[in-house]
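*Asks:* build me a model from this:
(chains A, B, C and D)
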There are 2 protein chains.
Amino acid sequence: MTAIKSGLNGAHKAAIRQENEEQILAAAELVFADYGFKGATTARIAEIANVPKANVHYYFSTKEALYRRIMEDICDHWLEAAMTFENSSDPAEILRGYIEAKMDLSRARPHGSRVWAHEIIRGAKFSSDYISTTVKNWLDSRVVVINRWITEGKMDKVEPYSLMYMIFATTQHYADFARQIEIFNNDQPLSDTQFAEAKENVVRIILKGVGLS
Amino acid sequence: MTAIKSGLNGAHKAAIRQENEEQILAAAELVFADYGFKGATTARIAEIANVPKANVHYYFSTKEALYRRIMEDICDHWLEAAMTFENSSDPAEILRGYIEAKMDLSRARPHGSRVWAHEIIRGAKFSSDYISTTVKNWLDSRVVVINRWITEGKMDKVEPYSLMYMIFATTQHYADFARQIEIFNNDQPLSDTQFAEAKENVVRIILKGVGLS
DNA sequence: ATTTATCTTGACCGTTTGGTCAGGTTAAAA
DNA sequence: TTTTAACCTGACCAAACGGTCAAGATAAAT
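*Replies:* From the prediction side, this is the model:
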């Protein structure tokens, strides 16, 4: 029956485990995105994952363990987008690629962005170590790159951190504040066309704003 | 004793009421900013306000009533900043004034911005009516103004909503993600000088980005 | 066929939650 | 001085919370 339900056939036990973990993780991401760590409940996660609450605790010992796992997954995806900052020589091309990658991530995985937003708004209690090491190192090295572009006269003299914060804020806004945007858009989620237009506008305004077009 | 504690003398009862309400409201704003509506607890609010929990319920019947009151106060301040969009003829001057007002609001009242962020991230359950009427009307009328500027050739042809979202996102980022910025800034909150520089950078990039400088 | 390891879950536990209330204190009005 | 209306709060309650557990079901290994 489980094989039928899950559509799997071979090593049942392993498949069941994977399926249940995935279902619980997906539900947890959604619930943490809505309510943050403290406001989320394991009962609600179990309900959405369609498993008994005790089963959630069978696969993930505690609510905190589940939350940390979700944060890890989010950081993995974050690093993907971060990579688009590498391996190119044209500043405009690099910045455009990075902004587009972050916009696409907000579109494809909005829940992850919202979990991250909750985490930071509350004071980064679980992730301050990760931010002050991995993320800060990544950011600081990009700041060096931007400063080099400025020195080389390739772009305007702007404070690199301010620029990066603007990119973070604007791209993540399309995930975190999607509901507000939807209301402004006559209670309709942005269509693919509208989103593509928004993405192009964001890229154009920022590139021109720093003298890269 | 209450008169001594509050430093008031005349109509004690009224003064006591005002003092306690203010203390509870300030505590509630902070706790809602940290945890959102669901994650916040009345016990924690009482603790920070330095009153017994029962006293919180004496002044504000329910947690929801207290939350709605906080949201109202935030919207009032929001409208203040919104007003800077009026009464001027120079687009650059208007946009600069609005961005600076929003940046200053993020600096002066970061908790309010964070409460608002929680509210929207969760899906605007309490405020969708307010957004779809008051806020949307305000936004749509500014969009008309921006489109007129474009028609008159005063600025680049940009999608006005994308521009406004960029301003919302970037300015509020300095309140909502203050903790992340602090970590990037070597665990130091932005100094007044740093914040002023950030504000000027935001203004400069956006104005130039839309062809207003 | 039997054992073993994993998966499943209703029932339960101690704690925390939002909210209530009776009985008290205080200050203004009569 | 007495009365009255507002303020104060420890103690309490039912519900919801994160987490546990024993007992059963299932599937792989022997």
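
*Asks:* which stretches of chain A have low pLDDT?
*Replies:* Low-confidence segments of chain A (pLDDT under 70): A:1-10, A:87.

*Asks:* from DNA strand C, how far off is the residue nearest to the spatial centre of it?
*Replies:* For chain A, the residue sitting closest to the mean C-alpha position, by C-alpha atoms, centre = their mean, is A:Ser113 at 3.7 Å. From A:Ser113 across to DNA strand C, the span is 26 Å (C-beta to the nearest atom of the strand, to the nearest Å). Where C-beta positions appear, they are placed from N, C-alpha and C, glycine not excepted.

*Asks:* write out the residues of chain A neighbouring DNA strand C.
*Replies:* Within reach of DNA strand C by C-beta under 7 Å from any atom of the strand, chain A has these residues: A:Thr2, A:Lys13, A:Ala14, A:Ile16, A:Arg17, A:Asn20, A:Val51, A:Pro52, A:Lys53, A:Ala54, A:Asn55, A:Tyr58.

*Asks:* what's the closest non-adjacent residue to the fifth one?
*Replies:* Think A:Arg17. A:Tyr59 (7.6 Å; C-beta to C-beta, 6 or more residues apart in numbering or on different chains).

*Asks:* let me know how buried that neighbour is, in neighbour terms.
*Replies:* 17 (other C-beta atoms under 10 Å in any protein chain shown).

*Asks:* kindly report the same for the one 10 residues further on.
*Replies:* Counted with other C-beta under 10 Å, the burial measure for A:Arg69 works out to 17 neighbours.

*Asks:* just checking, it touches A:Phe60?
*Replies:* Yes. A:Arg69 is within contact range of A:Phe60, at 6.8 Å (criterion: C-beta atoms under 8 Å).

*Asks:* and the next helix or strand past the longest helix out of those in chain A?
*Replies:* Of all the segments of type helix in chain A, defined by DSSP state H, the longest one is helix A:12-39. Helices and strands here follow DSSP states H and E; after helix A:12-39, the next one along the chain is helix A:42-49.

*Asks:* what's that following helix in contact with?
*Replies:* For helix A:42-49, contacts defined as C-beta atoms under 8 Å, 6 or more residues apart in numbering or on different chains pick out A:20, A:23-24, A:26-28, A:30-31, A:35, A:52-53, A:55-57, A:63, A:66.

*Asks:* counting contacts, what elements does the very next helix or strand once past that helix pack onto?
*Replies:* Per DSSP H and E, the first helix or strand lying C-terminal to helix A:42-49 is helix A:53-59. The criterion is 3 or more C-beta pairs under 8 Å, 6 or more residues apart in numbering or on different chains; DSSP states H and E, and the helices and strands that helix A:53-59 contacts are helix A:12-39, helix A:42-49.

*Asks:* which of the ones you listed sits closest to B:Ala81?
*Replies:* Minimum separation from B:Ala81 across the helices and strands packed on helix A:53-59 (C-beta to C-beta) falls at helix A:12-39, 26.2 Å.
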